[in-house]
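Q: model this:
(one chain, ligands or ions: 3)
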Amino acid sequence: MLRRVSPLSKLISAAKPSLLNQGAYGLNFLEAFSTDALKPAEAGIMSKARTPTINFVLGGPGVGKGTQCTRIAETFGFTHLSVGDLLRKEISSNTEYGAMILETITKGKIVASEVTVKLLKTAIESSETDRFLIDGFPRSEENRVAYEQIIGIEPEVVLFFDCNEEEMLKRVLHRNQGRVDDNVDTTMQRLKVFEAYTLPVIRYYSQKGKLHKINAIGTEDEIFERVRPIFAK
Ligand SMILES: Nc1ncnc2c1ncn2[C@@H]1O[C@H](COP(=O)(O)OP(=O)(O)OP(=O)(O)O)[C@@H](O)[C@H]1O
Ligand SMILES: O=c1ccn([C@@H]2O[C@H](COP(=O)(O)O)[C@@H](O)[C@H]2O)c(=O)[nH]1
Ligand SMILES: [Mg+2]
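A: Numbering: from 1, shown residues only. Ligands and ions are numbered 1, 2, ... in the order given. As a prediction, this is how the structure comes out:
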């Protein structure tokens, strides 16, 4: 029997290193980004004409983040950046990180921050637009801190799509897009990682007053109507 997603008051904050993949490839994100040349002001993002607007979109596996981001982006003119898609592109392009990313995604773990933040930074810098929906990131407090140190743009809105685990598993297993992680074992692992590592990020933004928790049960249209007022302001 699957458990329902814990209420925010019961978030797990204790680290569970076995669920992570950090450090497995010999890089430490603070070391990797510690040179002056990579500080935000010199690194390109701040040299865009305007400081980009960033919104984060979070939620468990299969909850509908990508589906809703497509709708939000079309309706409100955002550029949708799915960090999972950026990682999958590294796999299909066989880059230096490709094999490590494939292994990590297959296990349902979190790719090291130095890789994801670097990909995200490049995607923001190379976009001609300046309003972004960042889908599926930050996935851990470590991701969040790395983002703050390297990119450093405070998110305006953090959306959290909330749904019970049975429904998330059902949606993943019906997705049918050939993703290596769309199976029961990986999804169960992803649910554990979400609870242990992503819920603390959600709590952080809740405490900062930036979190918009959306009931993700219902049709795609119903859920989008719950989101619309947040961006229609
Ligand atoms: N409200 C909904 N009701 C039922 N199915 C939905 C709903 N929203 C999305 N789906 C379906 O659920 C599946 C997962 O949706 P989606 O890919 O948007 O989730 P996600 O949160 O981006 O997942 P992941 O974190 O694994 O990338 C898709 O097949 C999508 O069509
Ligand atoms: O910031 C991130 C985003 C994603 N991952 C890995 O990719 C898969 C799939 O991500 P989706 O956002 O659901 O497409 C995820 O389970 C992680 O393994 C990541 O490590 N960091
Ligand atoms: Mg997705």
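Q: residue 133 belongs to a strand, doesn't it?
A: Yes: per DSSP: H, G, I helix; E, B strand; the rest coil, residue 133 lies within a strand segment.
Q: I'd say it and residue 57 touch.
A: Yes: between residue 133 and residue 57 there is a contact under C-beta atoms under 8 Å: 5.7 Å. To be clear about C-beta, it is placed using only N, CA and C from the backbone, and glycine gets the same treatment.
Q: show me which of these two is the more surrounded one.
A: For residue 133 and residue 57, the more surrounded residue by other C-beta atoms under 10 Å is residue 57, and the numbers stand at 29 against 24.
Q: now for the helix or strand that one falls within, which elements pack on it?
A: Applying DSSP states H and E as the criterion places residue 57 in strand 53-59. Under the contact criterion of 3 or more C-beta pairs under 8 Å, 6 or more residues apart in numbering; DSSP states H and E, strand 53-59 touches helix 65-76, strand 131-135, strand 157-162, helix 199-207.
Q: what packs against the longest one?
A: Using 3+ C-beta pairs under 8 Å, 6+ apart as the contact test, the elements touching helix 65-76 are strand 53-59, strand 79-82, strand 131-135, strand 157-162, helix 220-232.
Q: now swap in the second one and tell me
A: Other helices and strands packing on strand 131-135, by 3+ C-beta pairs under 8 Å, 6+ apart, are strand 53-59, helix 65-76, strand 79-82, helix 83-92.
Q: average pLDDT for the following helix or strand past that strand?
A: Downstream of strand 131-135, the next assigned helix or strand under DSSP H and E is helix 141-150. Helix 141-150 shows a mean pLDDT of 98.
Q: now stretch 57-76
A: In the prediction, stretch 57-76 has an average pLDDT of 98.
Q: which parts of it are buried?
A: Buried residues in stretch 57-76, counted by 16 or more other C-beta atoms under 10 Å: 57-73.
Q: centre of the chain to it, how far?
A: Relative to the centre of its chain, stretch 57-76 is centred 11 Å away, using C-alpha atoms, centre = their mean, to the nearest Å.
Q: is that stretch in proximity to ligand 1?
A: Yes: applying C-beta under 6 Å from any ligand atom, one finds stretch 57-76 touching ligand 1 at 59, 61, 62, 63, 64, 65, 66, 67.
Q: before we move on, the earlier item: between the helices and strands packed on strand 131-135, which one is closest to residue 141.
A: strand 53-59 (12.7 Å; C-beta to C-beta).
Q: which residues touch that closest one?
A: Residues from elsewhere that reach strand 53-59, judged by C-beta atoms under 8 Å, 6 or more residues apart in numbering: 65, 68-69, 78, 130-138, 151, 153-163, 198, 201-202, 205, 216.
Q: one more time with 6 Å, if that's ok
A: With contacts defined as C-beta atoms under 6 Å, 6 or more residues apart in numbering, strand 53-59 is touched by 65, 69, 131-135, 153, 155-161, 202.
Q: CA atoms of it as CSV?
A: Written as CSV, here are the backbone C-alpha positions of strand 53-59 (Å, rounded to 0.1, in the frame of the first residue of the first chain):
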residue,chain,number,x,y,z
THR,A,53,12.5,36.3,-14.1
ILE,A,54,12.7,32.8,-12.6
ASN,A,55,9.8,30.6,-11.4
PHE,A,56,10.4,27.1,-10.0
VAL,A,57,7.9,24.3,-10.6
LEU,A,58,8.1,21.4,-8.2
GLY,A,59,6.2,18.2,-7.4
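Q: ok, the closest residue to residue 77 other than its chain neighbours to ligand 1 distance?
A: Distances taken as C-beta to C-beta, 6 or more residues apart in numbering place residue 131 nearest to residue 77, at 6.5 Å, with adjacent residues excluded. Taking C-beta to the nearest ligand atom, to the nearest Å as the measure, residue 131 falls 20 Å from ligand 1.
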